[in-house]
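Trainee: need the 3D shape of this:
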Amino acid sequence: MSDSALDAAASSLPISPSRPAAAASRAPADARADSAGKEHVIDAMRGFAALLVAYFHCRQVAWVGMQTFHQSVGHSLSLNALAAYLTFPIAWGSAGVPIFFVISGYCIHRGGALRLASNPAYRLDTANFWVRRFARIYPVLLAALVLTFALDWFSLQLPPVSHKIREIGLQAFLVNLFSLQGVAGKTYGSNGALWTLSLEVQFYAIYPLLFALRRRIGMTSVLAIVAVVNVVSAYVLERHDIQFFTSYWFSWTLGAWIADARARSAPQSRSPVWLYVLAAGFIALGCVAFHFGQYGAFQLWAIGFAFYLYKALDRRNGPQRAPFGTRLLSRLGDFSFSLYLIHLPIFVLLSSLLFRSSLQMSIWPSFGYMLVAVPVAYVFYRLVELPAMKWSASFKPKAAKLQR
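Mentor: Residues are numbered from 1 along each chain as shown. Next up, the predicted model:
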C-alpha cells in the first residue's frame, strides 16, 4: 500500500566528481539494477499480502466458515469439501496487514536512508514529502470512497442488507476522507479494510519527526523508543477500541529500520540464513497468539515478516529469473493498493446480488468473487491509481546536474 522500493529511493547516491566518467556511468546502472531486484521482492510480498487479505475477507462475506462447514460436511471427500478444507490457512489472512506496514516503512524511508548513508547532514524536505504523499494517496482514496458509496447503495436495495454495510452518509464519508476512522468514527460503508489507511496517513504525517530523531540518535534507538510507545499505546488506546498509529507504529518502524540498516551495509553483504528460521518461528507464534487476540498476533507477525524481508533483500534476481509464481505475485503487487481499497464492497455487492447476503455452504462462490475483484482492481489501478502515482512523481525535486 505504498510506493515501490525503486520509487522510494528515487535518486541514487551522489557521485563524487573525482570519479572517472566510466565509473560514474556504471554506478547508476548498478544502483538501478540492485533497486530493480529489491523492488521485485517488495512487489511480490505486496501482491501476496493483498491476495491474503482480500481472500480472508472474501471467505467472511461468501462462506459459512470452517466450523459450520465441518459440522455440516464432516469428513466428506467431495471436491467442494477438499477445496474448502484447503483454505484453512486463510483463517490467518489478517497477517497480510503487518506485511503491508513493514513494507511501507521500508519503502518510505529507503530513499532518505540512502541519502543519510551518503551525507549524514542530509535533511528531509518535509513539505515536499507531504505533498507527494497527498498526491499519491488522496485521489485514490476519494475514488475508492465514491465507488464504495455506489456499490453499497446498490447492495442496500437488495434486502436483507448485509451486516458488513455501515453508515454511508456524509459524516462517515468525511471521517474516512480525513483518515479519522478508528478515532472519530467507523470505516465507511462495507469497506472495513479502510481501518489501516488512516494509520498509514498518520505514519506519513509523523515520519518527518521520526526522520529527525534518526539523524540525532540513530535508527536503533528510535526503534526502541517506538517499541515502548507501541506498548503504552496498546494499553491505553487499543484495549478501548481506539485505533491510533502509535499502537501499530512498531511494525512500520521495523521496515524503516531495515531500510536504514541496508543502506549502511556493504553492497555485497549477505545476512545469515537462520533469519528465515526466525521469520517462520515468529509467524507461527503469531498464528498461535491469534487464538487469544488479533492485536498480539499482529505484533508477532510484523517481527516475523521483518526478519523475512531483511533476508529476502539479499536476492539480486530480476523478474525474468524469478519463479513464475513470484513473477505473478509481483504483477499483482503493482495494483495491490487498488485491490486492497475496493475488494470488500465488490464482495458485498456480489453476495447481495447472487445470494441476498446469505452465507453459502459451497466454497466455490468465494473463488468466483476473487475472479471478479482482481480484474476490477486492475482497471481501477489503470484509471485512478496510476495517474495519482504520476502526479505524485511530478513533485519530486529536480536532480542536480552531475559535475564532470
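
Trainee: so the residue nearest to the spatial centre of the chain is in which element?
Mentor: By CA atoms, centre = their mean, the mean C-alpha position of the chain lies nearest to Phe100, the distance being 2.4 Å. Secondary structure from DSSP states H and E places Phe100 in helix 96-118.

Trainee: for the helix or strand that that helix is followed by, buried residues please.
Mentor: Counting by DSSP H and E, the next helix or strand C-terminal to helix 96-118 is helix 126-156. Neighbour-count burial for helix 126-156 flags 129, 132-137, 139-141, 143-145, 147-149, 151-152, 155-156 (criterion: 16 or more other CB atoms under 10 Å). C-betas here are computed from N, CA, C, even on glycine.

Trainee: one more: stretch 202-211?
Mentor: Quick answer for stretch 202-211 (16+ other CB under 10 Å): Gln202, Phe203, Tyr204, Tyr207, Pro208, Leu210, Phe211.

Trainee: could you find the closest non-adjacent residue to the fifth one?
Mentor: What it means is Pro208. Distances taken as CB to CB, 6 or more residues apart in numbering put Thr126 closest to Pro208, at 4.3 Å, once the chain neighbours are dropped.

Trainee: look up how far Phe178 lies from the one you found.
Mentor: For Thr126, the distance to Phe178 equals 20 Å [CB to CB, to the nearest Å].

Trainee: returning to what we had before: the residue nearest to the centre of the chain and Arg46, how far apart?
Mentor: Separation of Phe100 from Arg46 (CB to CB): 7 Å.

Trainee: now swap in Asp241 and tell me
Mentor: If you measure Asp241 against Arg46 using CB to CB, the figure is 28 Å.

Trainee: kindly report the same for Tyr310.
Mentor: From Tyr310 over to Arg46 (counting by CB to CB), the distance is 16 Å.

Trainee: compare the two (neighbour count), which wins?
Mentor: Between Tyr310 and Arg46, counted using other CB atoms under 10 Å, the more crowded position is Arg46 (29 against 22).

Trainee: how many other residues sit next to the closest residue in space to Gly192 that isn't next to it in sequence?
Mentor: Nearest non-adjacent residue to Gly192, counting by CB to CB, 6+ apart: Leu344, 6.0 Å away. Using other CB under 10 Å, Leu344 is surrounded by 28 other residues.

Trainee: does Leu344 really touch Tyr188, like I thought?
Mentor: No: here Leu344 lies out of contact with Tyr188, judged by CB atoms under 8 Å, at a distance of 10.3 Å.

Trainee: name the helices or strands packed onto the helix or strand harbouring Val348?
Mentor: Val348 belongs to helix 336-355 when assigned by DSSP H and E. Counting contacts by 3 or more CB pairs under 8 Å, 6 or more residues apart in numbering; DSSP states H and E, helix 336-355 is packed against helix 21-62, helix 126-156, helix 364-380.

Trainee: got CSV for these, with mean pLDDT and distance to Leu350 too?
Mentor: Output for the helices and strands packed on helix 336-355, formatted as CSV (pLDDT from 0 to 100; distance: least, CB to CB, whole Å):
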stretch, mean pLDDT, distance to Leu350
helix 21-62, 72, 8
helix 126-156, 97, 9
helix 364-380, 98, 5
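
Trainee: and those helices as a markdown table, adding distance to Pro267?
Mentor: As requested, the helices and strands packed on helix 336-355 are exported to a markdown table (distance: least, CB to CB, whole Å):
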| stretch | distance to Pro267 |
| --- | --- |
| helix 21-62 | 7 |
| helix 126-156 | 26 |
| helix 364-380 | 35 |
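
Trainee: and of those helices, who's closest to Arg110?
Mentor: Closest approach to Arg110 among the helices and strands packed on helix 336-355 is made by helix 21-62 (8.3 Å; CB to CB).

Trainee: follow-up on the earlier one: ok, the residue nearest to the centre of the chain to Leu329 distance?
Mentor: Taking CB to CB, one finds Phe100 at 14 Å from Leu329.

Trainee: again, but for Ser118
Mentor: In terms of CB to CB, Ser118 sits 32 Å off from Leu329.

Trainee: more crowded one of these two?
Mentor: Neighbour totals were compared for Ser118 and Leu329, and Leu329 leads with 22 against 14 (other CB under 10 Å).
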